[in-house]
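Colleague: next comes the sequence, and after it the predicted model I'd like to discuss.
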Amino acid sequence: MKLVPLADRVVLKPIVAEETTKSGIVLPDKAKEKPQQAEVIAVGPGGIVDGKEVVMNVKVGDRVIYSKYAGTEVKLDNEEFIIVRQNDIVAKVED
Amino acid sequence: MKLVPLADRVVLKPIVAEETTKSGIVLPDKAKEKPQQAEVIAVGPGGIVDGKEVVMNVKVGDRVIYSKYAGTEVKLDNEEFIIVRQNDIVAKVED
Amino acid sequence: MKLVPLADRVVLKPIVAEETTKSGIVLPDKAKEKPQQAEVIAVGPGGIVDGKEVVMNVKVGDRVIYSKYAGTEVKLDNEEFIIVRQNDIVAKVED
Amino acid sequence: MKLVPLADRVVLKPIVAEETTKSGIVLPDKAKEKPQQAEVIAVGPGGIVDGKEVVMNVKVGDRVIYSKYAGTEVKLDNEEFIIVRQNDIVAKVED
Amino acid sequence: MKLVPLADRVVLKPIVAEETTKSGIVLPDKAKEKPQQAEVIAVGPGGIVDGKEVVMNVKVGDRVIYSKYAGTEVKLDNEEFIIVRQNDIVAKVED
Amino acid sequence: MKLVPLADRVVLKPIVAEETTKSGIVLPDKAKEKPQQAEVIAVGPGGIVDGKEVVMNVKVGDRVIYSKYAGTEVKLDNEEFIIVRQNDIVAKVED
Amino acid sequence: MKLVPLADRVVLKPIVAEETTKSGIVLPDKAKEKPQQAEVIAVGPGGIVDGKEVVMNVKVGDRVIYSKYAGTEVKLDNEEFIIVRQNDIVAKVED
């Protein structure tokens, strides 16, 4: 099964961050913090949303930062996703 | 009796999820969680809603994810439905 | 005396639901639940409301579902009515 | 002294309802309920309000139902008035 | 010193009401009630406010009723003023 | 260092009011009251803000009244400023 | 890794202020105050945001003041950033 987002929605898969210090030591204790990074899994078609034209600027595979508290959490086949509006994605993370 | 939604409203029938692990074991205890998936039962005609053109993109039989807390719960002939605006439907679930 | 709604307002008469099981047994105890169905008693003329064109899509005699908490409750000649905006009517109930 | 409403404002004089049963018996005890009916005392000129054209559809002498909690209560020459926007008037009461 | 209001702002001087019965007896005790009447002291130029054309319809010397809780209270040269948007003025009081 | 406001922002320097009676006696105790008057220190360029054209009507050196609770307080080189939108300035104070 | 902001978003790196008196003495104790100044690290492309054209007026390297409480805090490679909408940046700080 797969999620096919509508309008300006984007399906994200949160990336559980491993906190790593600059010297390379992993700090596991921050696991309780809400993840901020996510991978884009599926992108809606955009178009007229709330009477306004929305062009989609993210694509599948992008690594993104999204607004805390935004979106609808979904569990499908035991995996957790979050579906947000593109406007709740504030930045991409690039190498 | 049947529900005929107005404007951009969509009648949904929530799907009570059976939690199934990847290995196929059913986990019945999450029944108290609010269902997130629903089947589309009826779709409004769309048109001008709040002064904005709305085109309907879901159809009867679609399996969808909708925003928590959205919509009006209705009981008709002892069945439970939820009527939401199309904009509260965030994704379709496809095989 | 009668109520003549303005603009996009609709006068509704709530239908006190008798809970009936599929086998026909009446369950009277849910009488305390707020009724969700109503009969349309009078329909405003529509037109420009808040700067937006509103076309009225319900008519006198329609049986409708309306949003909980919406509207102004009115008592006239000892009958209870609720006056809502058409946009608070989410669906018609048809046979 | 008189109140001359501006823009889309309407001056109302609440009608203290006497509760009368169909058989004609007056029930005085509901006097504490907030009156819902009012007589239109003065009507603003309408025009562009908040950037939107408003046409006034009520006239002096109309008996109307208005939204609870709407408006500004005014006391003038020991009489109580309420000044509402026309949009807070939901229906006229006609014989 | 004088206050020169900007845009759609209006400078008001609240009129501390003397409560007078129809027979002419002054009731001084209501002095604690927030005054509702005010005299217009200065009127802004109107024009485009929040992207919408505003025409000013009140003039210096008008006696007006304004919405409770609206406006910015100002003390200048030991006099109290309130500066409101014209839209917070609901009616003029005329003789 | 200086503050260069963006868009419709205006940099203000609050004027700590000395309360003076008409007979000229200074009342120092009101120092805890939030100042309402300010001097305009810098004015943004205006232009399209939130999709609406904003023309700047205040200039450096103007003495103005601004809405309480509006704006961002800034400390720069040990001086306190407040940066508001022009729309939060309700009046100029002129001699 | 780097943050590439979308639409009208701007990536900021807060500047932890050292409080310095005019005579040059550093006051370290205010470290707990939320920093108000930040350096612009990356600027989104602007364009149509929420149906409105947004032109970006800040550039990488600008030192800016931003609204308290605005934005999404992000930690990347153990550095703290805040991503705001350009409209939450109220002023530049120039020498």
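Modeller: Now that the structure is in, tell me what you want to look at.

Colleague: from here on, contacts and neighbour counts on C-alpha atoms
Modeller: Fine.

Colleague: host element of the residue nearest the centre of chain A?
Modeller: Nearest to the geometric centre of chain A sits residue A:12, at 3.4 Å (Cα atoms, centre = their mean). Using DSSP states H and E, residue A:12 sits within strand A:9-14.

Colleague: can you show me the helices along chain A?
Modeller: Along chain A, no stretch is classed among the helices by DSSP state H.

Colleague: residue of it nearest chain E, please.
Modeller: Chain E sits closest to residue A:52 of chain A, with a gap of 18.2 Å, by Cα to the nearest Cα.

Colleague: what residues does chain A have near chain G?
Modeller: Contact residues, chain A versus chain G (Cα under 8 Å from any Cα of the partner chain): A:20-22, A:36, A:52-54, A:57, A:65, A:67-68, A:89-95.

Colleague: filter those residues down to the buried ones and hand me the PyMOL line.
Modeller: Here is the PyMOL command that selects the buried residues among the residues of chain A next to chain G (16 or more other Cα atoms under 10 Å in any protein chain shown):
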select buried, chain A and resi 36+52+53+54+65+67+89+90+91+92+93
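
Colleague: helix or strand with the lowest mean pLDDT in chain A?
Modeller: strand A:26-27 (a mean of 56; mean pLDDT, DSSP states H and E).

Colleague: mind listing the strands for chain A?
Modeller: Secondary structure of chain A by DSSP state E: the strands cover A:2-5, A:9-14, A:19-20, A:26-27, A:37-43, A:47-49, A:52-54, A:63-66, A:72-76, A:79-85, A:89-94.

Colleague: so which of the ones you listed comes closest to residue B:6?
Modeller: Residue B:6 lies closest to strand A:47-49 among the strands of chain A, at 18.8 Å (Cα to Cα).

Colleague: so, low pLDDT: which residues of chain A?
Modeller: Along chain A, the model assigns pLDDT under 70 to residues A:17-35.

Colleague: smallest gap between it and chain C, at which residue?
Modeller: Closest point on chain A to chain C, by Cα to the nearest Cα, is residue A:51, at 13.0 Å.

Colleague: OK, contacts around the one residue in chain A that gets nearest to chain F?
Modeller: Shortest chain A-to-chain F distance, computed as Cα to the nearest Cα: residue-wise this is residue A:52, at 13.0 Å. Neighbouring residues of residue A:52 by Cα atoms under 8 Å, 6 or more residues apart in numbering or on different chains: G:50-51.

Colleague: circling back: out of the strands of chain A, nearest to residue B:47?
Modeller: Of all these, it is strand A:47-49 that lies closest to residue B:47, at 12.8 Å by Cα to Cα.

Colleague: need the contact partners of that closest one.
Modeller: Residues from elsewhere that reach strand A:47-49, judged by Cα under 8 Å, 6+ apart: A:7-8, A:53-55.

Colleague: mind redoing it with 10 Å?
Modeller: A:6-8, A:53-56, B:52-55, B:87, G:50-51 (Cα atoms under 10 Å, 6 or more residues apart in numbering or on different chains).

Colleague: listing partners with orientation, what would you give for it?
Modeller: strand A:52-54 (antiparallel) (DSSP bridges).

Colleague: coming back round to it: pull up the pairing partners for the strand holding residue A:12, direction included.
Modeller: strand A:37-43 (antiparallel), strand A:79-85 (antiparallel).

Colleague: out of those, deepest packed?
Modeller: Mean neighbour count (mean count of other Cα atoms under 10 Å in any protein chain shown) peaks for strand A:37-43 among the strands paired with strand A:9-14, with a mean of 23.

Colleague: any idea of the angle that strand forms with strand G:72-76?
Modeller: Strand A:37-43 runs at 110 degrees relative to strand G:72-76, counting by axes from the mean of the first three to the mean of the last three Cα atoms, to 10 degrees.

Colleague: just the terminal-to-terminal distance for stretch A:40-50.
Modeller: Chord length of stretch A:40-50, first to last residue, is 23 Å (Cα to Cα, to the nearest Å).

Colleague: need the residues of chain A near chain C, please.
Modeller: Nowhere does chain A come near chain C, counting by Cα under 10 Å from any Cα of the partner chain.

Colleague: what is the nearest residue to residue A:61 once chain neighbours are set aside paired to in the beta sheet?
Modeller: Of all residues not flanking residue A:61 in the chain, residue A:40 sits nearest, at 5.2 Å (Cα to Cα, 6 or more residues apart in numbering or on different chains). Beta bridges link residue A:40 to residue A:12, judged by DSSP bridges.

Colleague: touching chain F at all, stretch A:87-95?
Modeller: No: judged by Cα under 10 Å from any Cα, stretch A:87-95 and chain F are separated, with a smallest distance of 15.7 Å.

Colleague: and that stretch, how far out from the chain middle?
Modeller: Put simply, stretch A:87-95 sits 9 Å off its chain's centre (Cα atoms, centre = their mean, to the nearest Å).

Colleague: so, in contact with chain B or not, it?
Modeller: No: judged by Cα under 10 Å from any Cα, stretch A:87-95 makes no contact with chain B; its nearest approach is 13.7 Å.

Colleague: hang on, the earlier thing: any chance of the strands of chain A in CSV, plus distance to residue G:74?
Modeller: Shown next, in CSV, are the strands of chain A (distance: least, Cα to Cα, whole Å):
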stretch, distance to residue G:74
strand A:2-5, 26
strand A:9-14, 14
strand A:19-20, 13
strand A:26-27, 17
strand A:37-43, 9
strand A:47-49, 28
strand A:52-54, 25
strand A:63-66, 8
strand A:72-76, 20
strand A:79-85, 18
strand A:89-94, 10
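
Colleague: between these, which one is closest to residue E:16.
Modeller: Nearest to residue E:16, of the strands of chain A and by Cα to Cα, is strand A:52-54 at 49.4 Å.

Colleague: the closest one: how far from the chain's middle?
Modeller: In terms of Cα atoms, centre = their mean, the gap separating the centre of strand A:52-54 from the centre of its chain is 21 Å.

Colleague: stretch A:44-52 too?
Modeller: With Cα atoms, centre = their mean, you get 19 Å for stretch A:44-52.

Colleague: same question for that stretch: list its buried residues.
Modeller: Neighbour counts over stretch A:44-52 (16+ other Cα under 10 Å) mark A:44-46, A:48-52 as buried.

Colleague: I figured residue A:7 was touching residue A:46, is that so?
Modeller: Yes: applying Cα atoms under 10 Å, one finds residue A:7 in contact with residue A:46, separated by 4.7 Å.

Colleague: what do these two both touch?
Modeller: Common contacts of residue A:7 and residue A:46, defined by Cα under 10 Å, 6+ apart, comprise A:54-56, A:85-86.

Colleague: need those residues in a markdown table with distance to residue F:73, can you?
Modeller: Output for the shared contacts of residue A:7 and residue A:46, formatted as a markdown table (distance: Cα to Cα, whole Å):
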| residue | distance to residue F:73 |
| --- | --- |
| A:54 | 35 |
| A:55 | 36 |
| A:56 | 37 |
| A:85 | 32 |
| A:86 | 32 |
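
Colleague: out of those, the closest to chain G would be?
Modeller: residue A:54 (7.7 Å).
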